[in-house]
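*Asks:* Return atomic coordinates for the entry below.
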Amino acid sequence: MQSTDRPETRLATRLAFLVAGFALACWAPLVPFAKARLGVDDGVLGMLLLCLGSGSVAAMIATGMLSARYGSKPIIIAGGFGLALILPTLAVASAPLTLGIALAAFGACLGSLDVAMNIHAVEVEKGAAKPLMSGFHALFSIGGFIGSLVVTLLLSVKAGPLAATLLCSALMVVATLVAWPRLLRTVPSADAPLFVMPRGFVMLLAALAAITFLVEGAILDWSALLLTTEGRLDASHGGLGYMLFAIAMTAGRLGGDAVTARFGDRAILLWGGIVAVAGFAVLLLSPFAILAMAGFLFIGFGASNIVPVLFRKGGAQKDMPAGLAVAAITMTGYAGVLAGPAGVGFAADRLSLPGAFWLLALLLCVAPLCAGIVTRNQEQGEADADRSYSSVDV
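*Replies:* Model (predicted):
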């Protein structure tokens, strides 16, 4: 039995995260083309986009069950190839029903890959002498940047949506083929439970993940409006806030493993949460646009490594099988992304948009307040983390 943490297993995990972020970003620039091709209004388009989220959530539930029985490797492979196969369909679907089905299938592949790659990352990190989770999650952000850049460049030189997606699909196929033989092989366990109701400690981790993802989704959809409606920036520069947030989050995760190894998970949750909340205060109280931009940097840096810590603790806990715990954390986090924009809109309608952002800051206070609970008995939990619900043969 070799260690699960080897150069090849780390490479395979990074490629899985890269493919997931790349695939999601490849779809975003295609949305205007899909709307024009179908000739639908914003309401119908919104319903179609909901298909992607619905497919993801449904697949996340199933993936937790399948991973508990068969491991993460076959799901990562199927998810990677599935995304590559379906992406070109999104560029040519000519009827709302066809696009809705394709988006649901695309979301299912993305959701299953999301869960499986985090389960795989937990297993790889268990065999390491240092934290790895933040670096893995940074590859998702890097994949998103590369995907949006490649598709945008191809579309700008008049390559066309189909040609652009075919090239992107080819890149995903290559990455998945490279990862395939390097992924951990899990021995099937016939007596592994297919479903365990999330409870106790896992429920706390899932709630914290939902809050963190909710904040990220809200900043994605509402930050530009917050900056432009108050006259801090004109509409053409409204996207700068989210851009700085995304850059800070990626940079924070690239260095997050080293910081976690030096200071520990508790410090990441405590001080990361405090920095992120302080970022909201700077953003909302600053009278100058340049200081408001600094607020986005603080939020991104502070929140960058909270979710990796939550996945790490989910893989080490003993309340339920690690794979099912990771699936529950992923699913509730994704639910936060879906609910965040709508929740901010609801709150803004009653309080104003800055008031809604103050509520986000208040919610994020839960992370530092729970830092002690999440990392309680950390040394004992990490010592027991080797007790797993399926054996790994590498």
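
*Asks:* what's the residue of the chain positioned farthest from its centre sitting at in phi/psi?
*Replies:* The centre of the chain is farthest from one residue, P287, which by CA atoms, centre = their mean lies 32.3 Å away. When read as degrees, to the nearest 10, the backbone of P287 gives phi -80, psi -10.

*Asks:* where along the stretch 51-200 of the chain do the strands fall?
*Replies:* Ranges of strands within the stretch 51-200 of the chain are 185-186, based on DSSP state E, counting those that start in this stretch.

*Asks:* any weak-confidence spans in the stretch 1-150 of the chain?
*Replies:* The model of the stretch 1-150 of the chain has pLDDT under 70 over residues 1-3, 42.

*Asks:* same deal with the stretch 201-350 of the chain?
*Replies:* Within the stretch 201-350 of the chain, the stretches with pLDDT under 70 are 221, 230-232, 234-239, 341.

*Asks:* so what's K313 up against?
*Replies:* By CB atoms under 8 Å, 6 or more residues apart in numbering, K313 lies in contact with 201, 205, 265, 374-375, 381. From N, CA and C alone the C-beta is placed, and that goes for glycine too.

*Asks:* Now list the buried members of the residues you listed.
*Replies:* Burial by neighbour count, 16 or more other CB atoms under 10 Å: within the contacts of K313 this picks out 201, 205, 265, 374-375.

*Asks:* can you list the residues you listed in TSV and add secondary structure and distance to L226?
*Replies:* Converted to TSV, these look like this (DSSP: H, G, I helix; E, B strand; the rest coil; distance: CB to CB, whole Å):
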residue	secondary structure	distance to L226
F201	helix	35
L205	helix	29
D265	helix	31
V374	helix	30
T375	coil	33
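
*Asks:* What is the most widely separated pair among those?
*Replies:* F201 and D265 (13.6 Å; CB to CB).

*Asks:* gap between the residue farthest from the centre of the chain and S72?
*Replies:* Distance, P287 to S72, using CB to CB, to the nearest Å: 49 Å.

*Asks:* so A292 sits right up against L285, yeah?
*Replies:* No. A292 lies out of contact with L285 (CB atoms under 8 Å); the separation is 9.0 Å.

*Asks:* of these two, who's got more company?
*Replies:* A292 (23 against 11; other CB atoms under 10 Å).

*Asks:* and the residue lying closest to the more buried one once chain neighbours are set aside, how many residues sit next to it?
*Replies:* Sequence neighbours aside, S286 is the residue nearest to A292 in space, at 4.7 Å (criterion: CB to CB, 6 or more residues apart in numbering). Around S286 there are 15 other residues, counting by other CB under 10 Å.

*Asks:* Tell me the spacing between S286 and F296.
*Replies:* When S286 is compared with F296 (using CB to CB), they lie 11 Å apart.
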